[in-house]
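> Take this sequence and fold it.
(3 chains)
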Amino acid sequence: MNSTDIQQFYARHMQLLDGGAAEAWAGTFTADAVFAAPSMTEPVRGRDGIAAGARAAVEGRAAAGEVHRHWVTMTTARSTGAGIEAVSYVQILATPQGGAPRVHLSCVMRDRLVRRDGELLVAERHITRDDRPAG
Amino acid sequence: MNSTDIQQFYARHMQLLDGGAAEAWAGTFTADAVFAAPSMTEPVRGRDGIAAGARAAVEGRAAAGEVHRHWVTMTTARSTGAGIEAVSYVQILATPQGGAPRVHLSCVMRDRLVRRDGELLVAERHITRDDRPAG
Amino acid sequence: MNSTDIQQFYARHMQLLDGGAAEAWAGTFTADAVFAAPSMTEPVRGRDGIAAGARAAVEGRAAAGEVHRHWVTMTTARSTGAGIEAVSYVQILATPQGGAPRVHLSCVMRDRLVRRDGELLVAERHITRDDRPAG
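Presented below is the predicted three-dimensional model:
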């Protein structure tokens, strides 16, 4: 495990999402990845579903005339038999055209990362939102 | 000195505080650590006082129904004879239940870090708040 | 290339700017650096112009009674024949005396970094603001 690698991974990962590259973003998950977030009634499984969710989000932001930036920091990481458990803080910064930025959401992101052919990929992601009590 | 170590240290350190683990958080300071912040009439000395302050803060946030996240970034670090002088920006992001996040405070954190049995610990901390002129 | 070096560079670079050290800040650019930002009618070239712009910004913030902090994160970096292309998110956090912080701007910073005598320097910088459509 190398924490610099993990930071570089998240930087590229979120630049893809915020830049609207939904398919390339989905490619940074494993083929059978599980993605669970409070906005979903049940977890999404696999790259097609993850890409579809990202496309919908990208279109929603374009329709709203907003740019979103996902800031990932404060990552702790530990190796387990099943990969790397990485826990990070996420801040979504939203800027409307011609307007002031606002902090849209504060979240905690719990990922299981795995290495495939030397590249890190997300195998599991669980998001919790700070505005909603967990559990 | 290893700046990746320092980042990992701060990530774990603040996840403990924000997660409400006041005693474990105090354990990331040296036994005789000095902690000075504008909210204090005089610096706190030692882990008991640091843990008591953290517990009070955790209870205050719970009573207010808020989640706080301490973001530490932009850390510069240099070795001195007495340890590592680390200067960081700190942003406290506060989210009320069911409400929007706000940036609660912007601070500068000046730490003297020391290594004990291979682990980094805070020996001295001085916080300044950007909303109050220093000195 | 070493991404930890790059982070350390940006931390020092922005602490200089936010601390009002306009000349020292200009010294972290190459002598013939090009700096382009939406607030400029045309790019600034060279350290004198960069220092002058920084001094004006420092004086403006002092007159307004505000502290600004430039947060740089989510940096992706790749080596090219001409140096290192580094793309980062930038958040400017502004705090008035006695008031609450606000996110003043969300930007993307595209730098070409070069190494001179072992030190990183900015050779080219292009800033885009999230509140203004690019291109």
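> how about the helix or strand encompassing residue A:111: buried residues?
Using DSSP states H and E, residue A:111 sits in strand A:102-116. Judged by neighbour count (16 or more other C-beta atoms under 10 Å in any protein chain shown), strand A:102-116 contains these buried residues: A:102, A:103, A:104, A:105, A:106, A:107, A:108, A:109, A:111, A:112, A:113, A:114. C-beta here means a position set from N, CA and C on the backbone, and glycine is covered the same way.
> Give the bridge partners for the last one, please.
Right, the one you point to is residue A:114. Per DSSP bridges, the residues bridged to residue A:114 are residue A:121.
> Residues of chain A that sit close to chain B?
A:3-4, A:73-77, A:87, A:89, A:91, A:102-106, A:130-133 (C-beta under 8 Å from any C-beta of the partner chain).
> quick one on the thing from earlier: closest to residue C:95 among the buried residues of strand A:102-116?
Using C-beta to C-beta, residue A:103 comes nearest to residue C:95 of the buried residues of strand A:102-116, at 14.6 Å.
> ok, the closest one - contacts?
A:91, A:92, A:93, A:94, B:93, B:100, B:101, B:102, B:103, C:103 (C-beta atoms under 8 Å, 6 or more residues apart in numbering or on different chains).
> Please indicate which of the residues you listed are buried?
For the contacts of residue A:103, buried by 16+ other C-beta under 10 Å: A:91, A:92, A:93, A:94, B:93, B:101, B:102, B:103, C:103.
> Can you point out the helix or strand that includes the first one?
Under the criterion DSSP H and E, the helix or strand holding residue A:91 is strand A:83-96.
> quick one: buried residues of that strand?
Neighbour-count burial for strand A:83-96 [16+ other C-beta under 10 Å]: A:83, A:84, A:86, A:87, A:88, A:89, A:90, A:91, A:92, A:93, A:94, A:95.
> now the strands for chain A?
Assigned by DSSP state E, the strands in chain A fall at A:29-36, A:44-45, A:66-80, A:83-96, A:102-116, A:119-129.
> Would you mind putting those strands into CSV with mean pLDDT alongside?
Listed next are these as CSV, based on pLDDT from 0 to 100:
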stretch, mean pLDDT
strand A:29-36, 97
strand A:44-45, 96
strand A:66-80, 97
strand A:83-96, 98
strand A:102-116, 97
strand A:119-129, 97
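> Residue B:32 is nearest to which of those?
Between the strands of chain A, strand A:66-80 lies closest to residue B:32; by C-beta to C-beta that is 26.5 Å.
> Is the closest one positioned near chain C?
Yes: Strand A:66-80 is in contact with chain C by C-beta under 8 Å from any C-beta, via A:67, A:69, A:70, A:71, A:72, A:73.
> the longest helix in chain A is where?
As assigned by DSSP state H, the longest helix anywhere in chain A is helix A:47-64.
> Leaving aside the residues adjacent along the chain, what's closest to residue A:4?
In this structure, residue A:4 finds its nearest non-sequential neighbour in residue C:3, 5.4 Å apart by C-beta to C-beta, 6 or more residues apart in numbering or on different chains.
> Neighbours of the one you found, how many?
Applying other C-beta atoms under 10 Å in any protein chain shown, we find 18 residues neighbouring residue C:3.
> right, and it touches residue C:78 too?
No: shown here, residue C:3 and residue C:78 do not form a contact pair, counting by C-beta atoms under 8 Å, at 10.4 Å.
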